[in-house]
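Asker: Need coordinates for the below:
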Amino acid sequence: MARGAWKKSSYSGGGEGNACVEIAHRYPHIAVRDSKTPIRAVLTFPTPAFTAFLDALKADAKADR
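Answerer: Residues are numbered from 1 along each chain as shown. So this is what the prediction gives:
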C-alpha cells in the first residue's frame, strides 16, 4: 500500500459499497476511518498491533468454516 493512500476492502459490498472501513499506512502506524464519513475521526494503531488484530480475525474466520 502506498504511503497515505486510503484502501477499502474488496469485500465491502452492502448497498452502495460504502459500508466499510478504510485503512492507510501512516508509518509507523495504520490509520483506520469510516468510509461513510471519511472527514470524521481517524483511529491510528501501531503497525504490529494492527497486524496482530488482522491475524486474529483471519484465524477466527478459519475456525468458523
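
Asker: Residue 41 touches residue 33, doesn't it?
Answerer: Yes - using C-beta atoms under 8 Å, residue 41 makes contact with residue 33 at a distance of 7.5 Å. Backbone N, C-alpha and C define where each C-beta goes, glycine included.

Asker: who has more neighbours, these two?
Answerer: residue 33 (18 against 8; other C-beta atoms under 10 Å).

Asker: What distance do you get for the more buried one to residue 25?
Answerer: Computed as C-beta to C-beta, to the nearest Å, the residue 33 to residue 25 distance reads 13 Å.

Asker: and what of residue 51?
Answerer: For residue 51 relative to residue 25 (C-beta to C-beta), the value is 12 Å.

Asker: Helix or strand with the lowest mean pLDDT in the protein?
Answerer: helix 14-17 (a mean of 60; mean pLDDT, DSSP states H and E).

Asker: Name the next helix or strand following that helix along the chain.
Answerer: strand 21-26 (DSSP states H and E).

Asker: Would you mind listing the buried residues in that following strand?
Answerer: By 16 or more other C-beta atoms under 10 Å, the buried positions in strand 21-26 come out as 22-25.

Asker: what about the helices in this structure?
Answerer: Taking DSSP state H to define them, one finds helices in the chain at 14-17, 47-63.

Asker: okay, those, which one's buried deepest?
Answerer: Highest mean neighbour count of the helices of the chain: helix 47-63, a mean of 11 (counted as mean count of other C-beta atoms under 10 Å).

Asker: what does that one rub up against?
Answerer: 23, 25, 27-30, 32, 45 (C-beta atoms under 8 Å, 6 or more residues apart in numbering).
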